[in-house]
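>>> what's the 3D shape of this:
(chains A and B)
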Amino acid sequence: AQTVTQSQPEMSVQEAETVTLSCTYDTSESDYYLFWYKQPPSRQMILVIRQEAYKQQNATENRFSVNFQKAAKSFSLKISDSQLGDAAMYFCAWGGTRGGGADGLTFGKGTHLIIQP
Amino acid sequence: DVKVTQSSRYLVKRTGEKVFLECVQDMDHENMFWYRQDPGLGLRLIYFSYDVKMKEKGDIPEGYSVSREKKERFSLILESASTNQTSMYLCASSFTLGLSEAFFGQGTRLTVV
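Numbering: from 1, shown residues only, chains lettered A, B, ... in the order given. Coordinates of the predicted model:
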């Protein structure tokens, strides 16, 4: 079974600084996607960034970038120039086929990111 | 703009009641999902559907059932609500199972008393 591990239940960073959220996963699949979702207090899950496993280049979306290490099964999220609006729960997720079939995403337990003004 | 709408943001039900949580998507997605979110446990998949009238169990299906009579609508049913089903329920839809992003509704916070 696929597992996703986020080892940091909570992180705190000063506004304008850079923070990195960790995620590791376990899978025997070769074709899969990895995602970072953000859940602010409004509860609406928002996709932050997506990485296709077959792509070696790390995905980037404005201030958000990932460090994807396929061999190490690691997928960390870096947030540069942190802003107050970045405060949220962040979930790492794995998506792919399981045992020949395909179903929903597998999520980590989340990291609560606090931005200090 | 992509939209997944859940019928209620907050719901309070009594133990033993039959509870329906409704979800509608307007993106013509084939796949729809129900997740349960609990503090410290992340999101766990209850059921998913990859076509009308088709359903598959997720990781925690016990105590739940689902219905998908129309492509845009996916309902989660608690046949006899129990206090351990007090939780946040999130509906999602996607174009391709697993290999594409999921779009989420705003969540239903269900309290069973």
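
>>> quick one: the strands in the chain?
Picking chain A for this. All strands of chain A, identified by DSSP state E, fall at A:3-5, A:10-14, A:19-21, A:24-26, A:32-39, A:46-52, A:60-61, A:64-69, A:74-79, A:88-98, A:101-102, A:106-107, A:111-116.

>>> wrong one, I was asking about chain B
Here chain B has its strands, by DSSP E, at B:4-6, B:10-13, B:19-25, B:31-38, B:42-51, B:54-57, B:65-70, B:73-78, B:87-94, B:103-104, B:108-112.

>>> near chain B, which residues of chain A?
A:6, A:9, A:31-33, A:35, A:37, A:42-45, A:47, A:50, A:91, A:95-98, A:101-110 (CB under 8 Å from any CB of the partner chain). Every C-beta, even on glycine, is put in place using the N, C-alpha and C of the backbone.

>>> and the buried ones among these, selectable in PyMOL?
Typed into PyMOL, the next command selects the buried ones out of the residues of chain A next to chain B (criterion: 16 or more other CB atoms under 10 Å in any protein chain shown):
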select buried, chain A and resi 6+32+33+35+37+43+45+50+91+95+96+97+98+102+103+104+105+106+107+108+109+110
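
>>> how about the strands of chain A in CSV, adding distance to B:Lys57?
Below are the strands of chain A laid out as CSV (distance: least, CB to CB, whole Å):
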stretch, distance to B:Lys57
strand A:3-5, 18
strand A:10-14, 32
strand A:19-21, 31
strand A:24-26, 21
strand A:32-39, 21
strand A:46-52, 25
strand A:60-61, 34
strand A:64-69, 31
strand A:74-79, 27
strand A:88-98, 12
strand A:101-102, 12
strand A:106-107, 15
strand A:111-116, 28
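
>>> between those strands, which one is nearest to B:Ser67?
Closest to B:Ser67 of these is strand A:101-102 (CB to CB; 21.1 Å).

>>> any idea of the mean pLDDT for the closest one?
Regarding strand A:101-102, the rounded mean pLDDT is 46.

>>> which residues does residue 65 form beta bridges with?
Since you didn't name a chain, this refers to chain A. Here A:Ser65 sits in beta bridges with A:Thr60, A:Lys78, going by DSSP bridges.

>>> wrong chain, I was asking about chain B
B:Ile77.

>>> identify the residues contacting the residue nearest the centre of chain B.
Chain B has B:Trp34 as the residue nearest its centroid, 2.8 Å off, counting by CA atoms, centre = their mean. Under the criterion of CB atoms under 8 Å, 6 or more residues apart in numbering or on different chains, the neighbours of B:Trp34 are B:21, B:23, B:45-48, B:58, B:64, B:66, B:74, B:76, B:89-91.

>>> what do you get for B:Val113?
Contacts of B:Val113 (CB under 8 Å, 6+ apart): B:12-15, B:83.

>>> from B:Thr15, how far off is it?
7 Å (CB to CB, to the nearest Å).

>>> what sits in contact with each of the two?
Here B:Val113 and B:Thr15 share the contacting residues B:Thr83, scored by CB under 8 Å, 6+ apart.

>>> neighbours around A:Trp94, how many?
Close neighbours of A:Trp94, defined as other CB atoms under 10 Å in any protein chain shown, add up to 25.
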